[in-house]
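Novice: Predicted model and sequence below, questions to follow.
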Amino acid sequence: MAEDMSKTGASGETTLIRDISFCGVPENGSNASMVDVKDGKIVRIRPMHYDWKYKKADLNPWKFEVRGSTFEPSMKTLIPPYSIAYKKRVYSPARIRYPMQRVDFDPNGERNPQNRGKSKYKRISWDEALDIIVGEMTRIKEKYGPTALLYQCDQHGENKVVQACHGAGRKLLRAWGGFTLQIRQPDSWEGWWWGSKHFWGCEPVGQGKQSNLLYDVAITVNDWCMGADGKLDAERARAMLRAYHSARPFTAKEADVWPLALRLAALRFWISRLYDLHLPRDAEMVKPHDPEHFKRILQNHIATAQPVWL
């Protein structure tokens, strides 16, 4: 969307709607910003006003009336300081706008690693930078194997509309011959959950309690407390649960759905093993395992009304 928002329509400025955030993916529009541009330069960045194109009645936003007070959403996005100050980042004199290479680094000759952090840099072309990257990847692959290349799979990054989970890179590297994949735990989710309590003083509106801890325990029990026949080893299962309960006892509801959690955990790994078996991928680190193992575990869980408990 690009439009001159001035009253006369002749300011020479064009207003664009952009999502300017750390992740850069407009999942829910919460970071949408209005960016005013003139002659190819950013003039200002401000919150996006929902009533620019729509009337408030058309949007029909939520409203809470509590003890004589009315609470309703703002008619503009509440963008963070990071987004508002993005113009300074774009035009910062410290911004590195082009590929740079150490003056005494020769990818095909003397590399002088002892001068890292000391040598000056020179500008190179994008084609030269790409050739160096490809050359280094090939060198590592030929010397150590493709799994020596670590790929950080993350849900953060200035990726804009390419893909939030960086799947394009994974697809490329599978075709290249393989890689080692590293995936972080979802710390932004953790931060959102933790931060909401300190910001609002309560759980996020409309959200329930965290439930994935019970699922994690069920996965662990299915992995480490199982006999070769796919049945729970009572002694190991009780030892595991006692140790867990000493740090964090199950809630009454968690204890009630414990049998279902064991089944869900078994079902998830049965399906993933079936996927790897019937839809194999070319990668050094991918080795299909027998899906029948978790199928037996699932069947035994279903046949057992009350699994091993404390």
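Specialist: Happy to help now that I have it. Numbering: from 1, shown residues only.
Novice: When you work out contacts or count neighbours from here on, use the C-alpha atoms and nothing else.
Specialist: Will do.
Novice: Buried residues of the host helix or strand of residue 258, list them for me.
Specialist: Assigned by DSSP states H and E, residue 258 belongs to helix 252-278. Across helix 252-278, burial judged by 16 or more other CA atoms under 10 Å covers 254, 258-267, 269-270, 273-274, 276.
Novice: Output stretch 259-277 in CSV, but only the C-alpha positions, please.
Specialist: Extracted in CSV, the C-alpha atoms of stretch 259-277 (Å, rounded to 0.1, in the frame of the first residue of the first chain):
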residue,chain,number,x,y,z
PRO,A,259,-2.7,-41.5,30.8
LEU,A,260,-3.7,-39.3,27.8
ALA,A,261,-0.3,-37.5,27.9
LEU,A,262,1.5,-40.9,27.6
ARG,A,263,-0.6,-41.8,24.6
LEU,A,264,-0.2,-38.4,22.9
ALA,A,265,3.6,-38.6,23.3
ALA,A,266,3.7,-42.1,21.8
LEU,A,267,1.5,-41.1,18.9
ARG,A,268,3.6,-38.1,18.1
PHE,A,269,6.8,-40.2,17.8
TRP,A,270,5.1,-43.1,16.0
ILE,A,271,3.9,-40.6,13.3
SER,A,272,7.4,-38.9,13.0
ARG,A,273,9.1,-42.3,12.6
LEU,A,274,6.5,-43.3,9.9
TYR,A,275,7.3,-40.0,8.1
ASP,A,276,11.0,-40.5,8.2
LEU,A,277,10.6,-44.1,7.0
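Novice: hmm, who's touching it?
Specialist: Stretch 259-277 has contacts (CA atoms under 8 Å, 6 or more residues apart in numbering) with 214-215, 218-219, 222, 287-295, 297-298, 301-302, 305-307.
Novice: Got the domain ranges for this structure?
Specialist: Per the record, the chain has its domains at 2-90, 98-107+120-144, 151-204, 209-303, by automatic domain parsing.
Novice: so where is the stretch 101-250 of the chain shaky, pLDDT-wise?
Specialist: Applying pLDDT under 70 to the stretch 101-250 of the chain flags residues 154-167, 184-212.
Novice: go again using 90 as the cut-off
Specialist: Counting by pLDDT under 90, the stretch 101-250 of the chain has low-confidence residues at 150-176, 178-217, 219-220, 223-224, 226-232, 234, 240, 243-250.
Novice: Residue 74 in helix, strand or coil?
Specialist: Counting by DSSP: H, G, I helix; E, B strand; the rest coil, the backbone at residue 74 sits in coil.
Novice: repeat for residue 87
Specialist: Quick answer, by three-state DSSP: residue 87 is helix.
Novice: For burial, what's the neighbour tally of it?
Specialist: 16 (other CA atoms under 10 Å).
Novice: hey, where'd the strands end up in the stretch 101-250 of the chain?
Specialist: Ranges of strands in the stretch 101-250 of the chain, per DSSP state E, counting those that start in this stretch, are 121-123, 150-153, 180-183.
Novice: quick one, which of these is packed in tightest?
Specialist: strand 150-153 (a mean of 14; mean count of other CA atoms under 10 Å).
Novice: For residue 294, which non-adjacent residue is closest in space?
Specialist: residue 270 (5.0 Å; CA to CA, 6 or more residues apart in numbering).
Novice: ugh, wrong one, residue 123
Specialist: Nearest residue to residue 123 in three dimensions, chain neighbours excluded: residue 100, at 4.6 Å (CA to CA, 6+ apart).
Novice: Distance check, that neighbour against residue 88.
Specialist: Distance check for residue 100 against residue 88: by CA to CA, to the nearest Å, it reads 22 Å.
Novice: These two: who's more crowded?
Specialist: Higher neighbour count among residue 100 and residue 88: residue 100, with 16 against 12, using other CA under 10 Å.
Novice: Okay then, goodbye and thanks.
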